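# Here is the input, now give the coordinates:
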Amino acid sequence: MIIRKSPREIELMRAAGKITAGALKLAKEIAKKDITTDFLNNEIEKYILGHGGVPVFKGYRGFPKSICASVNEEVVHGIPDQRKLRDGDILSVDVGVGYKKYIADAAVTIPIGEISLEAQRLIDVCEKSLSLAIQALKANVKLSVISGTVQDYVEKNGYSVIRNYTGHGVGRCMHEDPQVPNFVNKSLLEADEILMSGVTIAIEPMICMGGPDTEVLKNKWTVVTKDRKLSAHFEHTVVVTEAGADILTK
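Purely as a prediction, here's the structure:
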């Protein structure tokens, strides 16, 4: 069931979103060559706690860290560790913050040092696809419009959309209805949801240079592209309004 949020709930999510946005801004400042993803995790955890938030990923279904840090071919759910970032890497950082029992969720892909033109283009297309999806969203728009906007732009630019993982509703829980795929298929069209004012969703394009197939590493968390080609990930939590999408994580 899709839950529409009250103005009070939306403001609590906005407060969570402000902390999330600050955490991602910090990630962009810290994530440099020779920094470990574990150091990045610890600094962001301190930031979240210091601003009155809770790092909701930590312990979620047993996830051991406060952020997801996914490098290069890692799509999502990378576990921070002692691995050092290298010049030319691309790093996707995903952060979820709870504030007074409400949650916001966002992600960015960060270039480390000098990256290839191909990697930069992948990042740019992923970020633009999120922007276009947000622009297409307003009250009474069908979910398939959002999904199709991402897919059309990404595929037009020669990349693939990850299909095993999607965006989602968000609010009191990290994952609520509806699922927000980044592609359109028959089952989505058959159960197409009309997005009403007050609905809060996390839109999160995950795209890759090669094919869309993925696999999970032995740690049972980290998702990688099967062909080991680069992947990028961007995400915002938004609330649907009559005038359009209001971004809560900026």
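
# Restricting to C-alpha, output the helix or strand of the chain with the lowest mean pLDDT in CSV.
In the chain, no helix or strand scores lower on mean pLDDT, DSSP states H and E than helix 186-190, which sits at a mean of 83. Provided in CSV are the C-alpha atoms of helix 186-190 (Å, rounded to 0.1, in the frame of the first residue of the first chain):
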residue,chain,number,x,y,z
LYS,A,186,4.8,-5.6,-19.1
SER,A,187,4.3,-6.2,-15.3
LEU,A,188,4.9,-2.5,-14.5
LEU,A,189,2.4,-1.4,-17.1
GLU,A,190,-0.2,-3.9,-15.9
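
# where exactly do the helices run in this protein?
For the chain, applying DSSP state H gives helices covering 7-30, 37-50, 117-136, 143-156, 186-190.

# Need those in CSV (columns: distance to Gly171 and mean neighbour count).
C-beta coordinates here come from the backbone N, C-alpha and C atoms, glycine included. Formatted as CSV, the helices of the chain follow (distance: least, C-beta to C-beta, whole Å; neighbours: other C-beta atoms under 10 Å):
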stretch, distance to Gly171, mean neighbour count
helix 7-30, 7, 20
helix 37-50, 18, 19
helix 117-136, 18, 18
helix 143-156, 16, 21
helix 186-190, 21, 11
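
# mind checking which of those is nearest His233?
Proximity of these to His233 was assessed by C-beta to C-beta; the nearest stretch is helix 117-136, lying at 6.8 Å.

# hey, what's Ala232 bridged with?
Ile207 (DSSP bridges).

# still on that earlier bit, relative to the whole chain's centre, how far out is the least confident helix or strand of the chain?
On the basis of C-alpha atoms, centre = their mean, to the nearest Å, helix 186-190 is displaced by 23 Å from the centre of the chain it belongs to.

# Report back the residue of the chain that's furthest from centre.
Distance from the centre of the chain peaks at Glu190, with 25.6 Å (C-alpha atoms, centre = their mean).

# so what does the least confident helix or strand of the chain touch, helix or strand wise?
helix 143-156 (3 or more C-beta pairs under 8 Å, 6 or more residues apart in numbering; DSSP states H and E).

# for Arg83, what are its contacts?
Contact analysis of Arg83 by C-beta atoms under 8 Å, 6 or more residues apart in numbering lists Thr36, Thr37, Val71.

# got those residues as JSON lines, with pLDDT and distance to Val161 columns?
JSON lines is the format used below for the contacts of Arg83 (pLDDT from 0 to 100; distance: C-beta to C-beta, whole Å):
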{"residue": "Thr36", "pLDDT": "98", "distance to Val161": "30"}
{"residue": "Thr37", "pLDDT": "98", "distance to Val161": "25"}
{"residue": "Val71", "pLDDT": "98", "distance to Val161": "20"}
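
# Out of these, the closest to Val141 would be?
Val71 (34.7 Å).

# What about the closest one, how many residues nearby?
19 (other C-beta atoms under 10 Å).

# hang on, it packs against Val93?
No: counting by C-beta atoms under 8 Å, Val71 does not reach Val93; the two are 10.1 Å apart.

# Give me the distance between the closest residue to Thr222 other than its chain neighbours and Val71.
Counting by C-beta to C-beta, 6 or more residues apart in numbering, Thr222 lies nearest to Gly78, which is 5.0 Å off, once chain neighbours are set aside. Here the distance between Gly78 and Val71 works out to 6 Å (C-beta to C-beta, to the nearest Å).

# where do the contact lists of the two overlap?
Thr37, Ser92.

# Against Leu188, how distant is the closest residue to Arg4 other than its chain neighbours?
In space, and not counting its chain neighbours, Arg4 is closest to Gly198: 3.5 Å by C-beta to C-beta, 6+ apart. Computed as C-beta to C-beta, the Gly198 to Leu188 distance reads 22 Å.
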